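Undergrad: Got a sequence here, can you build the structure:
(one chain, ligands or ions: 1)
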Amino acid sequence: MCGITSYCGNKQAIPILIEGLKRLEYRGYDSAGFAVIDNKKNIIVKSQGKVLKLEEKKAGKKIDSTFGIAHTRWATHGEPSEINAHPQTDCTKKISVVHNGIIENYLELKEELIKKDHKFVSETDTEVIAHLIEENFNEDLEDAVLKSIERLIGTFGIAVIHSDIDHKIVVAKRGSPIIIGVGENEFFAASDSNAISPFTKKMIYLRDDEMAVLNSDGYYIKNFKNEILEKEIETFDEVSFKTDKKGYEHFMLKEIFEQPETIENAFRGRIIENEGVSKLGGLIPVLDRLKSINKLIIVSCGTSYYAGLLGRYILENLTELNVECELASEFRYRRLKLDENIGVLAISQSGETADTLAAIKEAKRKGALLLGIVNVVGSSIAQITDAGVYNFAGPEIGVASTKIYTSQLVILTLMALLIGRYQGLSYYEGSQVICALKNIPDKVREILNDADKIKKIALKYSKYRDFLYIGRLYNYPTAMEGALKLKEISYIHAEGYPAGEMKHGPISLIDENFPTVAIAPDDSAIDKMISNIQQIKARKGKIISITNKDAKKVIDISNDSIIVPKTIPILQPILNIVPLQLFAYYIAKQRGCNIDKPRNLAKSVTVE
Ligand code: M6R
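TA: Below you'll find the predicted structure:
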C-alpha cells in the first residue's frame, strides 16, 4: 500500500527519491509523486501509474534541489488519478504533504476549512492535512504540524515541507510507520526501511505520537507533547535489505526457492536437542506469564491467518492450551472477555497490517498477554506486543506470501514445543518433533527439484476457470492457502474447503470443467480423503492430488499426482504447500499475469 520516502542533505534529491519510490513499488500502488523545493519554489510532479512514468515526466525538467518528499499511493479516498496522487498541497501551494493512513474525520475538517475559504481540488483525506497546516502556519512549520495533527482522528504517517523554509522536513507518526535514516550530513525519512537502505543502514523507528524534524545538519525527535526524545540508532546489516531477484524471473519464484534456507533460519539456534525443547530469546521476558496462560487466541489476516489456523492444530497437539484462531478483522469487533491469563498472538509478515494492529490494541486494552510472530524488524506490531519471535526470513517482495508462511509454521511449532515442554509433552515427543523439523529443509529441496514436473501439470490445467482445494485436519489450512495463492496471482476462481464440508454444498459445483486439488497425504485422514475424492470422480471431476509415494490408492484414483516426501503429520503441511505455490506460479505465468504485483492487491495492507 502507500509508501513514503524523503531526503534532506547536500545531494540532488530527485534521483534519491525516485530510487526510494522504486524500492517501495513491491507494496502495491496506483500513482506516484514527489515535491522538491528549488530556489523557494515548490515543484510537484505526479503521475498515475508506475514510477517509471513519473521519471519520464520529470525527464527534461531542470530542477536543482537537495531536499524533498515522495509517495506511492494506493487509492482509498478517491480514484487513482494524478489529482488524487500525493503530494497534496494547500491554497498557497507552498506546503506539500505526503500521507499514509486514513483520516477518519476528514469530511468534518474539510467542511470547516471550506467555510474558512480553503479551496480543495482532490477527493483525498490527505489534502485536508495540507490545508490545516496552512491554517495553523505562522512562520513555524513544526508548530503548524503539531497544531494540525491535534485535530486529526485516524492513522497517519506524514512528511511535510514548505517552500519558504529551507531544508526542513517535518514527519509525524500515529498508527502508520515512519523510520528515520541517519547518513553522513544527510537524513532520510520513510515508511519502509527498504526505501532508504541503499543510502544508510542506520535507522531510528518512530513510535506512535512521535515526530521528527530533519534538516541538513541534523535531526531531532519529539513526542506530540513537544518533549525532545533521545532515541537509539539501530544499525542493520546488508542481508536485511537484499531485494534483488538473483536471476529468477519473479520475486515470488525466488522466494519459493529460498524456503530451504528461510525454514532453517527460523529454527537455527532456537532448538535445544538434548532437552527436546526450543529456545526463543524473544519470549524470555514473558516466560513466567506464558507458563501461566490457559488460552491462546491467534489473530491474523490472509496467509498469516491460514498459518494461525494450522498453528491451532499444532498447539493443540503439543500443548494443553485452549487455542482459538480468529480473523483479526472480526476479532476486534467481538464482545470479548480477555484477561491476563489469556495470550493473544498476532502473526504478520509486514507487522503493519491495520486489522491485526487494531485487534491487538483491543486485546492490550483488556489486559491479555500480547505476543507476535513478525518478519519486519521494528514494525508496529513488533513494537506493540509484549514479546515475540522474528522470522528472520529477509524481505518478502512478492505480494503473494510464500516463504513467510512456511517460516511462520516453523515458529509456531517452536512456540508449541516451548510451551508444551512446561506442560505434558515428554522429552521423547519433543525430540521427535525436533528431529523431523531438522529434516524439513532437505525435503523442501527435493520438492523444488521436481519443479519441472509440477510446471507440466500446472500448464495442463492453466485454462480452467474454477478450482476446488480440499484437505482435512492439518491440511485443511493448506487447502485454504493453496486456493488463496492461485486466486491472488492468476485471478482464477479457487475455493479452499475442509474436505468433510464438500458434501454440504460445494460438491454441486463439480463437473468435468471444475478440477479439484486434493491434499491427501498418507496420514490418519487418508481413508476419508479417498472417499471424498471418489465422490468427486463420480461426478466427472478431475483430481490433482498432493500426496506421498506410499499412498497408492490416492495416486491410482487421481488424474495427476504430485508426490512430496513424508514427515510427521504436524509438519507435513510445510511440505504440501510448496508444490501448490509452484502450481499457482506456473499457471499465473502461463496466463501472463503480473505475478509479483497482482491487480488490486498490496503487500502491506495498512487500511482497515
Ligand atoms: O503482513 P501480513 O502477514 O499481516 O499480511 C496479511 C495478509 O494481507 C497477507 O497474508 C495476504 O493475504 C497475502 N497477499 C497472501 O499471499
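Undergrad: mind checking pLDDT for Gln383?
TA: On pLDDT, Gln383 comes in at 89.
Undergrad: Quick check: it vs the ligand, distance?
TA: Distance from Gln383 to the ligand, counting by Cβ to the nearest ligand atom, to the nearest Å: 15 Å. Any C-beta I mention is one placed from the backbone N, CA and C, and that applies to glycine too.
Undergrad: One more: Thr606?
TA: From Thr606 to the ligand the distance is 10 Å (Cβ to the nearest ligand atom).
Undergrad: With Gly343 instead?
TA: 18 Å.
Undergrad: what's the answer for Ser304, then?
TA: Distance from Ser304 to the ligand, by Cβ to the nearest ligand atom: 4 Å.
Undergrad: Number of residues surrounding that residue?
TA: 27 (other Cβ atoms under 10 Å).
Undergrad: wait, is it part of a helix?
TA: Yes. Checked against DSSP: H, G, I helix; E, B strand; the rest coil, Ser304 lies within a helix.
Undergrad: who's in contact with it?
TA: Applying Cβ atoms under 8 Å, 6 or more residues apart in numbering to Ser304 gives the contacts Ile347, Ser348, Gln349, Thr353, Thr356, Ser401, Ile404, Tyr405, Gln408.
Undergrad: For the fifth one, report the pLDDT, please.
TA: Residue-level confidence at Thr356 comes out at 96, pLDDT.
Undergrad: Which helix or strand contains it?
TA: Using DSSP states H and E, Thr356 falls within helix 354-365.
Undergrad: picking up where we left off before, tell me, which of the contacts of Ser304 make contact with the ligand?
TA: Residues of those in contact with the ligand (Cβ under 6 Å from any ligand atom): Ser348, Gln349, Thr353, Thr356, Ser401.
Undergrad: Taking those residues, tell me the two that lie furthest apart.
TA: Thr356 and Ser401 (13.5 Å; Cβ to Cβ).
Undergrad: how many other residues sit next to whichever residue of the stretch 1-150 of the chain sits closest to the ligand?
TA: Among the residues of the stretch 1-150 of the chain, Gly28 lies nearest to the ligand; the distance is 9.3 Å by Cβ to the nearest ligand atom. Other residues near Gly28 come to 22 when the count uses other Cβ under 10 Å.
Undergrad: before we move on, what about Glu481?
TA: Neighbours around Glu481, by other Cβ under 10 Å: 29.
Undergrad: and whichever residue of the chain sits closest to the ligand, how many residues sit next to it?
TA: Relative to the ligand, the nearest point of the chain is Gly302 (1.9 Å; Cβ to the nearest ligand atom). As a burial measure, Gly302 scores 22 neighbours (other Cβ under 10 Å).
Undergrad: Indicate each strand paired with the helix or strand of the chain with the lowest mean pLDDT and its parallel or antiparallel sense.
TA: Across the helices and strands of the chain, mean confidence by mean pLDDT, DSSP states H and E is lowest for strand 234-235: a mean of 87. When pairs are called by DSSP bridges, strand 234-235 turns out to pair with strand 202-205 (antiparallel).
Undergrad: Walk me through which strands the helix or strand following the partner strand pairs with, and which way each runs.
TA: Following strand 202-205 in sequence order, the next helix or strand is strand 210-215 (DSSP H and E). Strand 210-215 sits in its sheet next to strand 169-174 (antiparallel), strand 218-223 (antiparallel), going by DSSP bridges.
Undergrad: Using a markdown table, lay out these together with mean neighbour count and distance to Thr235.
TA: Output for the strands paired with strand 210-215, formatted as a markdown table (neighbours: other Cβ atoms under 10 Å; distance: least, Cβ to Cβ, whole Å):
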| stretch | mean neighbour count | distance to Thr235 |
| --- | --- | --- |
| strand 169-174 | 26 | 21 |
| strand 218-223 | 16 | 16 |
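Undergrad: Could you work out which of these reaches nearest to Ala393?
TA: Nearest of these (Cβ to Cβ): strand 169-174, 25.4 Å.
Undergrad: Output the closest one as CSV, nothing but the C-alphas.
TA: These are the backbone C-alpha positions of strand 169-174, laid out as CSV (Å, rounded to 0.1, in the frame of the first residue of the first chain):
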residue,chain,number,x,y,z
ILE,A,169,11.2,18.2,6.6
VAL,A,170,8.7,17.5,9.4
VAL,A,171,7.5,13.9,9.8
ALA,A,172,5.0,12.6,12.3
LYS,A,173,3.5,9.1,13.1
ARG,A,174,0.4,7.7,14.6
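Undergrad: what about that strand, average pLDDT?
TA: 97.
Undergrad: Tell me the spacing between the closest residue to Asp166 other than its chain neighbours and Lys116.
TA: Distance criterion Cβ to Cβ, 6 or more residues apart in numbering; nearest residue to Asp166, sequence neighbours excluded, is Ile37 at 7.4 Å. Distance of Ile37 to Lys116, computed by Cβ to Cβ, to the nearest Å: 26 Å.
Undergrad: With neighbour numbers in mind, choose between the two.
TA: Ile37 (25 against 9).
Undergrad: from memory that one sits against Ile161, does it?
TA: Yes. Assessed by Cβ atoms under 8 Å, Ile37 is found in contact with Ile161 at 6.3 Å.
Undergrad: which residues do the two both contact?
TA: Common neighbours of Ile37 and Ile161 (Cβ under 8 Å, 6+ apart) are Phe67, Gly68.
Undergrad: follow-up on the earlier one: can you tell me which of the contacts of Ser304 are in helices?
TA: Thr356, Ile404, Tyr405, Gln408 (DSSP state H).
Undergrad: now for those residues, which pair is the farthest apart?
TA: Thr356 and Tyr405, at 15.2 Å, using Cβ to Cβ across the ones in helices among the contacts of Ser304.
Undergrad: Pull up the residues of the stretch 251-400 of the chain that are close to the ligand.
TA: Residues of the stretch 251-400 of the chain lying near the ligand (Cβ under 6 Å from any ligand atom): Cys301, Gly302, Thr303, Ser304, Ser348, Gln349, Ser350, Thr353, Thr356, Val399, Ala400.
Undergrad: Most neighbours out of those residues, which is it?
TA: Top of those by neighbour count (other Cβ under 10 Å): Ser348, with 34 neighbours.
Undergrad: list the contacts for it?
TA: Ser300, Cys301, Ser304, Thr356, Gly372, Ile373, Val374, Asn375, Ser379, Ile381.
Undergrad: CSV for those, including secondary structure and distance to Gly247?
TA: Formatted as CSV, these follow (DSSP: H, G, I helix; E, B strand; the rest coil; distance: Cβ to Cβ, whole Å):
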residue, secondary structure, distance to Gly247
Ser300, strand, 32
Cys301, coil, 32
Ser304, helix, 29
Thr356, helix, 34
Gly372, strand, 33
Ile373, strand, 30
Val374, strand, 29
Asn375, coil, 23
Ser379, coil, 29
Ile381, helix, 33
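Undergrad: Top of these by number of neighbours, please.
TA: Most surrounded of the contacts of Ser348: other Cβ under 10 Å gives Ile373, at 34 neighbours.
Undergrad: what's across from that residue in the sheet?
TA: Ile347, Val389.
Undergrad: hang on, isn't it packed against Val410?
TA: No. Ile373 is beyond contact range of Val410, at 9.9 Å (criterion: Cβ under 8 Å).
Undergrad: Domain boundaries for the chain, per the record?
TA: 2-235, 246-445, 450-595 (automatic domain parsing).
Undergrad: Can you give me the end-to-end span of the second one?
TA: Start to finish, the residues bounding domain 246-445 are 18 Å apart (Cα to Cα, to the nearest Å).
Undergrad: shift numbering so it begins at 53
TA: Sure, I'll start counting at 53 from here, so that last one is domain 298-497.
Undergrad: Brilliant, that's me finished.
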